[in-house]
Each structure stands twice: as C-alpha cells, then as structure tokens.
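K.L.:
okay, predicted coordinates and the sequence, questions at the end:
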Amino acid sequence: MAETASDSCRSSDLETSASSDTESDASLAWRTRTVGSIRLTNGFWIYSSEQLASTPSLQDGLDVELEADLRFIGCELIQQASGLLRLSHAVVTTAQMLFHRFYVRQSFFVHSFKIAAMACVMLASKIEYAPRHLFDVIGAFRLVDQLRKDSTARPPQQDLGYVTLKHLVVQTEWRVLRDLGYCVRVQHSHKLITPIVELVLQRADRKIIQLAWNYMNDCHRSDIVLRYPPETIVCACIQIASRLRRTPMPDAPHWYTAFGVSDADMDAAVRRILGLYVRPKVNVAKVEWLVHLLRSQIMKSKGVDFAHSPLNRRAGSNQLGQPFSQFELFESL
C-alpha cells in the first residue's frame, strides 16, 4: 500500500505534465483518482467515511469521540510547540496533516500521540526547509506539557531516558514516512483563502479572510482535512465567514461551484465545521487517563505487551519499578 501511494503521487505529476497541452488548468485542478483504498485529488489524500469509521484505533476499542479528542490534543500540541520553535505556519499545517494521516494507518494505543507529534514536526520542518534540532523539538514539547500541568519548567536531561526518547522519535519519523508511502505532499489550504475571496467579492474583505483563516485553523485539528479536498474546506470556511459577516455571496449559480465544489459536499463540510464548536472542551488529563485505562484493558484481553514492541524500547523504571514504555518515557524526562 505504501509503495502504491508513493507511485501514484509520481504518476499523477507525470500525467498532469503530459496532458497540459490538451486539458485546461481547471480540469486538471479537480482530477480525482482512486488508488487502492485512498482517493487522491490531484495527489492529495482523501478518505471515505467508511475508512475513517474503521481506523486501527477504533478497531482496537477506542471510541469515536475519544479519537477526535486525541487528534485535537495532538494538533494543539504541534501548534504550541511549533510556536516556541518559531516555525512557520506552513510547517504547522504540514505536521498536522502528517499526524492525521499517520493515525489512519496506526493506532493511538500502539504509538504515543506525543511522540508521533514530535516526529511529525521533525519531518514537516525538513519538508518545508526549516529543520530544527531534535533536542530543541523535545525541549519545546516538554515545556508545553509542563506548562499545561502547571509543573516546574525544566529542560530535558541528556541521560539514558533522553537518548531512548530521541531514538523513539527518529524511529517514529521513519514509520510515518513508510506508512504514508513517502508521499508527504500537503497543499496549504490557507493560501487559497485570500485569492478566492478577492475573486468572488472583487475586493479583499479582510474580516472575512481572517474569519475563514480561523475556521481553517480549527479544521486542521480534526479529521475534516481527511474527508474533503482543500478547495471544498476553503469554500466552506469562506461560506461560514460570509454568513457571520452577513455578506451576500453570488448564488445564481452558487459561487463555490466555480471551484468544483458540489452543493452536497458544501453542506456536509459546513455542518462538520460548525459541529466542532458544539463539542465540549477537551480535558487533556482525562483523555490521557482514559487512553491509559483502555490500553491496559486491551493488553490484558489480547495478551499483548506493547512495552515489549520494537518501538517501545525502554530506559529507567517507573514508580512501580517496571520499565518505562514509550507512553511513560515522555513524562519521565
């Protein structure tokens, strides 16, 4: 599957180049291909509702709401740590997209979301030509976590625990690459907001642009970015922003049809985006406790000890005198 996805991205580029003389730019923009179980829209990953309803985490017993909370927490952690690292917005959105895609292929019970988030930031910083040292990335994530817990902020000690965590992050970074078939293309949807608003309204409405930008930021914390092409999400964010600002938009025909967005997709995307704001506030400590509890139950029911898996190399001991798993190692530094 990984090799197929990688090959499809390269073949999509070749086909686009070869057919540029016979097809218009508009027709190329909305080309959709299905490769294996993944729908690629001009090279970008789109998953069906059925696929997102049967992710490895859900199959392992995680419920839908808890998975959504973990995605939100992971993406929030990525954004906050990236701010401390002074990374660009492009790096943040790339890391968040990689994070979402990774957990379509892997389970939250097997891979700690904190370590996966660090790996995605490391990989995204390289993709966007703004690499950071691993020590700085680990330090930024630790600081964010310590501030959230109101504990004393202190840099990680370069001891055996740090070395083990460093190796885990590097291994997880390679795992992300392999699971995504080395296809890490990400279209930065935010860049489409201003041109589309200016084209539709024939002026740059800064308030609508800012509102749409904010909605887009929130979309990247959920699996909405896996369900619809970038153009659909951008148009949905602009539609919500224009309604909030009570700014009329062309409707004969609907303005978003010019960008290849159907009425059904627009309605569905708008409902999902608005649904983000009726969810209760995420209690990070409670979510982490629930995941730990469910993970322990799965280990007992399946007879699987995740602490002995290849990615869970351990260093030191916890309060019970047992070796640290990757889920405990981050907090132990």
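P.N.:
Yes, it's here. Residues are numbered from 1 along each chain as shown.
K.L.:
Y182: what secondary structure?
P.N.:
coil (DSSP: H, G, I helix; E, B strand; the rest coil).
K.L.:
tally of neighbours for it?
P.N.:
Using other C-beta atoms under 10 Å, Y182 has 15 neighbouring residues. (C-beta placed from N, C-alpha, C; glycine too.)
K.L.:
quick one: it from F141, how far?
P.N.:
Going from Y182 to F141 by C-beta to C-beta, to the nearest Å gives 25 Å.
K.L.:
same question for A236.
P.N.:
31 Å.
K.L.:
who has more neighbours out of those two?
P.N.:
A count of neighbours by other C-beta under 10 Å puts A236 above the other of A236 and F141, at 28 against 25.
K.L.:
how far away is that one from R295?
P.N.:
From A236 over to R295 (counting by C-beta to C-beta), the distance is 35 Å.
K.L.:
where in the stretch 51-200 of the chain is pLDDT low?
P.N.:
151-153, 155-156 (pLDDT under 70).
K.L.:
what number of residues lie near the residue nearest to R295 when sequence neighbours are not counted?
P.N.:
Leaving aside its sequence neighbours, R295 sits nearest to F109 (C-beta to C-beta, 6 or more residues apart in numbering; 4.9 Å). Counted by other C-beta under 10 Å, the residues lying close to F109 total 22.
K.L.:
residues in contact with F109?
P.N.:
Residues in contact with F109 (C-beta atoms under 8 Å, 6 or more residues apart in numbering) are S57, D60, G61, L62, V291, L294, R295, I298, F306.
K.L.:
at 10 Å what do you get?
P.N.:
Applying C-beta atoms under 10 Å, 6 or more residues apart in numbering to F109 gives the contacts 56-57, 60-62, 291-292, 294-299, 304, 306, 327.
K.L.:
in strands, which of these appear?
P.N.:
The members of the contacts of F109 all map outside strands under DSSP state E.
K.L.:
show me the one in these that has more neighbours than the rest.
P.N.:
Neighbour tally across the contacts of F109 (other C-beta under 10 Å): the maximum, 24 neighbours, falls on S57.
K.L.:
so how far is V104 from it?
P.N.:
Counting by C-beta to C-beta, the separation of S57 from V104 is 9 Å.
K.L.:
do K207 as well
P.N.:
35 Å.
K.L.:
more crowded one of the two?
P.N.:
A direct count of neighbours by other C-beta under 10 Å for K207 and V104 places V104 higher, at 20 against 12.
K.L.:
ok, and the closest non-adjacent residue to that one?
P.N.:
T55 (5.6 Å).
K.L.:
tally of neighbours for the one you found?
P.N.:
Neighbourhood size, T55 [other C-beta under 10 Å]: 21.
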